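Trainee: sequence-free structure coming up:
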């Protein structure tokens, strides 16, 4: 397996994105508030499995293109940064709606299979995740080190592992503090706003690095 030279930078960027309370985190917190820690962790397991499946599909489709085209690679850099800014602003603008959706789970306690299945499809069919794997992850690929596709798959696996650890922790914490979180939607709104702000800052940082590379 080819290891990209900017792996450490990728891990830092990935953790910033993962830790920021985005859609996946809110989905897990909502499950934890409704049904507790076990359901939340099972949901995370399904979610990251679906997400890795999606990243693999993107890698096989996008890898050969990025390996051959400098223009495509530059477009991914700029597009990824702008997309993160958009996601952050959208999260801030709609924070109250997302917070309300989190606690509206409904129904009885789902089985372990259903938790994993639901989490898988949420991860695999997330249109925002498709753009993330297509626009953000490729920026950390080192085209001089060989197979771009293999590097994309590797980075997708790293992201999934980090997401399982982080989202699972969110689920455990939310399951423990479920009464506290469910009692006031304003707390959830603040979490969403913080996550959105982090994504905006990261997006502008990526644009700045892309501009620096273009001027060199």
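Mentor: Thanks, I have it. Bear in mind that the values here come from a model prediction, so they are computed numbers and not experimental data. Residues are numbered from 1 along each chain as shown.

Trainee: What are the boundaries of the helices in the chain?
Mentor: With DSSP state H applied, the chain shows helices at 7-19, 23-35, 37-68, 70-93, 95-102, 112-124, 127-135, 148-176, 178-182, 185-215, listed in chain order.

Trainee: need these in a markdown table with mean pLDDT, distance to residue 142 and mean neighbour count, can you?
Mentor: C-beta: built from backbone N, CA, C; applies to glycine. Compiled in a markdown table, the helices of the chain are given as follows (pLDDT from 0 to 100; distance: least, C-beta to C-beta, whole Å; neighbours: other C-beta atoms under 10 Å):
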| stretch | mean pLDDT | distance to residue 142 | mean neighbour count |
| --- | --- | --- | --- |
| helix 7-19 | 85 | 9 | 16 |
| helix 23-35 | 73 | 27 | 24 |
| helix 37-68 | 85 | 11 | 20 |
| helix 70-93 | 72 | 11 | 17 |
| helix 95-102 | 55 | 36 | 18 |
| helix 112-124 | 84 | 27 | 18 |
| helix 127-135 | 73 | 17 | 18 |
| helix 148-176 | 89 | 7 | 20 |
| helix 178-182 | 62 | 41 | 16 |
| helix 185-215 | 71 | 13 | 17 |
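
Trainee: and residue 55, how far is that from residue 152?
Mentor: Distance from residue 55 to residue 152, counting by C-beta to C-beta, to the nearest Å: 7 Å.

Trainee: list residues touching both of these two?
Mentor: 133, 137 (C-beta atoms under 8 Å, 6 or more residues apart in numbering).

Trainee: Test my guess that residue 117 contacts residue 46.
Mentor: Yes: using C-beta atoms under 8 Å, residue 117 is in contact with residue 46, at 6.3 Å.

Trainee: Pull the contacting residues for residue 204.
Mentor: Taking C-beta under 8 Å, 6+ apart as the test, what residue 204 contacts is 81, 85.

Trainee: related to what we said a few turns ago, closest one to residue 141 among the helices of the chain?
Mentor: Among the helices of the chain, the nearest to residue 141 by C-beta to C-beta is helix 148-176 (4.8 Å).

Trainee: Next, the angle from the closest one to helix 7-19.
Mentor: 40 degrees (axes from the mean of the first three to the mean of the last three C-alpha atoms, to 10 degrees).

Trainee: Which elements pack onto helix 148-176?
Mentor: Here helix 148-176 is seen to pack against helix 7-19, helix 23-35, helix 37-68 when contacts are counted using 3 or more C-beta pairs under 8 Å, 6 or more residues apart in numbering; DSSP states H and E.

Trainee: Looking at the ones you listed, which is nearest to residue 201?
Mentor: Among those, helix 7-19 sits nearest to residue 201 (C-beta to C-beta), with 8.6 Å.

Trainee: Now do the closest one: everything it contacts.
Mentor: Taking C-beta under 8 Å, 6+ apart as the rule, helix 7-19 contacts 4, 84, 132, 136-137, 140, 155, 158-159, 162-163, 166-167, 198-199, 202.

Trainee: one more time with 6 Å, if that's ok
Mentor: Helix 7-19 has contacts (C-beta atoms under 6 Å, 6 or more residues apart in numbering) with 140, 159, 162, 163, 166, 202.
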